[in-house]
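> task: produce atomic coordinates for the following.
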Amino acid sequence: MRAAATLLPLSAFTALAITADLKLRRIPNVVNIAGFACGMCFSIARGGAGGVAAGLLGSLMGLSILLIPFLLHMVGGGDVKFLAAAGAIVGWQAVWWSFVLGALLGGLLAVAALAASGRSLARLHRTIVLLISGAWPTTDNARSEQAVRIPYAVPLSAGLLAATAFLTLARGT
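Next up is the predicted model:
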């Protein structure tokens, strides 16, 4: 029962976010606010006052995970708010594993997008070296126009659904 109670609103939220990200190339605030509100309602229904804490902690963790990549211009603000809203639905325990799976899938999607655009993997390697060394360049309009963008809601949603289903079913509820 708990699996359905978590996966149903999460599926609806991720479907809206994916659709918006694919069509608009962004996730509107109204989608993220609705996801957060829905998550908090379900958290309260599942756990009362403890559910409020779990929902808020999940939201804070989702926000924290993508804050640095956002500041480095690696993800958009809608992606950050999306993971924060999803954290309110799944709680703090699941949001970390959801992100790890989503980041792995996002990396694969980014490599595929680079290959499809004809960009070299050497450029990707240079970017990773700059990131690791702490010499990440500030973005300017020329770099921004050349960037390969992926709809990050797609891999994040896949990670959210897979990790949440696994963790919920593993708990046996």
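> give the contact list for the nearest residue to residue 26 once chain neighbours are set aside.
Spatial nearest neighbour of residue 26, excluding adjacent residues (CB to CB, 6 or more residues apart in numbering): residue 78 at 5.0 Å. Every residue, glycine included, has its C-beta placed from N, CA and C. By CB atoms under 8 Å, 6 or more residues apart in numbering, residue 78 lies in contact with 21, 26-29, 32, 153.
> buried ones only from these, please, as a ChimeraX command.
Selecting the buried subset of these in ChimeraX, with 16 or more other CB atoms under 10 Å as the burial test, is done by:
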select :21,27,32,153
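> between the contacts of residue 78, which sits nearest residue 88?
Residue 88 lies nearest to residue 32 out of the contacts of residue 78, by CB to CB, at 10.0 Å.
> please, where are all the helices along the protein?
Taking DSSP state H, the helices of the chain run over residues 2-24, 29-71, 77-90, 92-117, 121-133, 141-146, 153-170.
> so which of those is the most packed in?
Most buried of the helices of the chain, by mean neighbour count (mean count of other CB atoms under 10 Å): helix 77-90, with a mean of 26.
> pull the distance from that one to the chain's centre.
Centroid displacement of helix 77-90 relative to its chain, using CA atoms, centre = their mean, to the nearest Å, is 6 Å.
> between that helix and helix 2-24, how big is the angle?
Between the axes of helix 77-90 and helix 2-24, defined by axes from the mean of the first three to the mean of the last three CA atoms, to 10 degrees, the angle is 170 degrees.
> what's the pLDDT at the closest residue to residue 96 other than its chain neighbours?
Sequence neighbours aside, residue 61 is the residue nearest to residue 96 in space, at 6.6 Å (criterion: CB to CB, 6+ apart). On pLDDT, residue 61 comes in at 96.
> now do the contacts for residue 61.
87, 92, 95-96.
> could these go into JSON lines alongside distance to residue 113?
JSON lines is the format used below for those (distance: CB to CB, whole Å):
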{"residue": "87", "distance to residue 113": "26"}
{"residue": "92", "distance to residue 113": "31"}
{"residue": "95", "distance to residue 113": "25"}
{"residue": "96", "distance to residue 113": "25"}
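> need the worst-confidence member of these.
Out of those, that is residue 92, at 87.
> thought it was touching residue 57?
Yes - using CB atoms under 8 Å, residue 92 makes contact with residue 57 at a distance of 4.0 Å.
> so where's this protein uncertain?
The model of the chain has pLDDT under 70 over residues 1-2, 118-121, 124, 127, 130-132, 134-148, 173.
> if I look at residue 122, how far off is residue 102?
26 Å (CB to CB, to the nearest Å).
> no no, residue 66
Relative to residue 102, and taking CB to CB, residue 66 is found at 10 Å.
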